[in-house]
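Peer 1: based on what follows, work out the 3D shape:
(one chain, ligands or ions: 1)
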Amino acid sequence: MAYLVHDQELLVRIQLEVLPAVRGDSIDEKYLLERCPQLEALVNETLRLTVTSSLARVVTETCVVGGKTLQKGNKIMVSCLVPPLFYSLISSSQLPIRELHYEQGTWGPTPDTLSANRFIDNPRLSKSPSYRPWGGGHTLCPGRNLARRSVNAFLSIILSRFDVAIESGTFPQNDGARPSPGVVPVAQGQDLQLCLTPRH
Ligand code: HEM
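Peer 2: Sure, this is the predicted structure:
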């Protein structure tokens, strides 16, 4: 929502795209999943920018990494700015997600900017090994389909029933210091207040 309300042209485009999926109190989820490329691309791009939190792991065998001994049983936090020497410790499917989502080799010169058409212009990006909003390997998020359906339903209900504008606040800053297994938390006091006006 924060990205949408800061780009009214994009908001209207997605509003028009999802409208046919909402009839009274029912939502056509299949339509949202299969016939709303703008919505899908926006959600993909938002996940790229916001799934940047730390991952936690337990050391199952004592081992030495970069001259440091990691003792069996200890817990480690794979943080946003992990030193490359720790990369060998974790499988390629579990590299720190922020590093992958912001690396210029895949995402171009301005990886920290939202590009609503990025995944439309290059559909193969959603299968890129540098794109891991749901993690990977044996800890792949089991809630990913529910999460996508919930986001689609939430956005289509809001956008079909209301015109949305900013009431107060700037673009919310995140709090990367707080671990979270998914989307990075919004920092305290950074909530964006919206003004919803019923559509006729
Ligand atoms: C936008 C929403 C979500 C995002 C971005 C997200 C992302 C992730 C990521 C990146 C991981 C891997 C963490 C790691 O490797 O340490 C993960 C794991 C997990 N997620 Fe999600 N998730 C979301 C929603 C959900 C929902 C709705 C559920 C449950 C209904 C869920 C349940 C889980 C569980 C149980 C795990 C741990 C899997 C395991 O370790 O075997 N997630 N999620």
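
Peer 1: in contact with Val55, which residues?
Peer 2: To be clear, residue 55 is Leu; Val isn't right here. Under the criterion of C-beta atoms under 8 Å, 6 or more residues apart in numbering, the neighbours of Leu55 are 77-78, 94, 96-97, 135, 181. Every residue, glycine included, has its C-beta placed from N, CA and C.

Peer 1: quick one, phi psi at it?
Peer 2: phi -110, psi 150 (degrees, to the nearest 10).

Peer 1: so what's it scoring on pLDDT?
Peer 2: With respect to pLDDT, Leu55 scores 77.

Peer 1: before we move on, what about Leu85?
Peer 2: In this prediction, Leu85 has a pLDDT value of 50.

Peer 1: same question, Gln94
Peer 2: Gln94 is given a pLDDT of 48.

Peer 1: and for Ser180, the neighbour number?
Peer 2: For Ser180, the tally of surrounding residues (other C-beta atoms under 10 Å) stands at 14.

Peer 1: how about the residues of this protein that lie near the ligand?
Peer 2: Within the chain, the positions lying close to the ligand (C-beta under 6 Å from any ligand atom) are 47, 51, 55, 94, 133-135, 139, 141-143, 146-147, 181-183.

Peer 1: buried among these? Make that a PyMOL selection.
Peer 2: In PyMOL syntax, the buried subset of those is picked out as below (16 or more other C-beta atoms under 10 Å):
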select buried, resi 47+51+55+94+133+134+135+141+147+182+183
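
Peer 1: list the ones among the residues of the chain next to the ligand that fall in helices.
Peer 2: 47, 146-147 (DSSP state H).

Peer 1: on that earlier part again, let's see which of the contacts of Leu55 end up in strands.
Peer 2: Those of the contacts of Leu55 mapping onto strands are 77-78, per DSSP state E.

Peer 1: just put the contacts of Leu55 in CSV and tack on distance to Thr106.
Peer 2: Shown next, in CSV, are the contacts of Leu55 (distance: C-beta to C-beta, whole Å):
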residue, distance to Thr106
Met77, 25
Val78, 19
Gln94, 17
Pro96, 15
Ile97, 13
Gly135, 17
Pro181, 23
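
Peer 1: which one of the contacts of Leu55 sits closest to the ligand?
Peer 2: Gly135 (2.7 Å; C-beta to the nearest ligand atom).

Peer 1: next, give phi and psi for the closest residue in space to the closest one that isn't next to it in sequence.
Peer 2: Once flanking residues are discounted, Gly135 sits nearest to Cys141: 5.5 Å by C-beta to C-beta, 6 or more residues apart in numbering. When read as degrees, to the nearest 10, the backbone of Cys141 gives phi -60, psi 120.
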